[in-house]
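Student: give me a 3D structure for the following:
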Amino acid sequence: MRIPSIRLRSWLIVLGWILVIGGFVEAVELFFHDWPRSWWHHHGFLHAIVSGPAMEIGLGSALWALARR
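Tutor: Prediction:
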């Protein structure tokens, strides 16, 4: 019995792309959402970056690494 690795690999790549693109879109939205106010003075800006876009981009990259294996 053969393991269907081709299907799993393609889904990992697709999901990885969705997460990475979503992370970049979320980062742009986070930077420009409060444009009139200075976003760098926001108290939780670092937390927002780490918990949002950075995590999505990291998860997408991890799925790409799993697909290469």
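
Student: going forward, measure contacts and count neighbours with C-alpha atoms only.
Tutor: Fine.

Student: give me the buried positions along the helix or strand bottoming out on mean pLDDT in the chain.
Tutor: In the chain, no helix or strand scores lower on mean pLDDT, DSSP states H and E than helix 45-49, which sits at a mean of 74. Neighbour counts over helix 45-49 (16 or more other C-alpha atoms under 10 Å) mark Ile49 as buried.

Student: buried sites along stretch 10-20?
Tutor: 12-13, 15-17, 19-20.

Student: can I get whatever helix or strand comes next after the least confident helix or strand of the chain as CSV, trimmed to CA atoms?
Tutor: Note on helix 45-49: by DSSP states H and E, the next helix or strand toward the C-terminus is helix 55-68. C-alpha atoms of helix 55-68 as CSV (Å, rounded to 0.1, in the frame of the first residue of the first chain):
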residue,chain,number,x,y,z
MET,A,55,3.1,33.9,13.4
GLU,A,56,1.3,33.4,10.1
ILE,A,57,4.4,33.8,8.0
GLY,A,58,6.3,31.5,10.4
LEU,A,59,3.6,28.8,10.2
GLY,A,60,3.5,29.1,6.4
SER,A,61,7.2,28.7,6.2
ALA,A,62,7.0,25.7,8.5
LEU,A,63,4.5,24.1,6.2
TRP,A,64,6.7,24.7,3.2
ALA,A,65,9.6,23.0,5.0
LEU,A,66,7.3,20.0,5.8
ALA,A,67,6.3,19.8,2.1
ARG,A,68,10.0,19.7,1.0
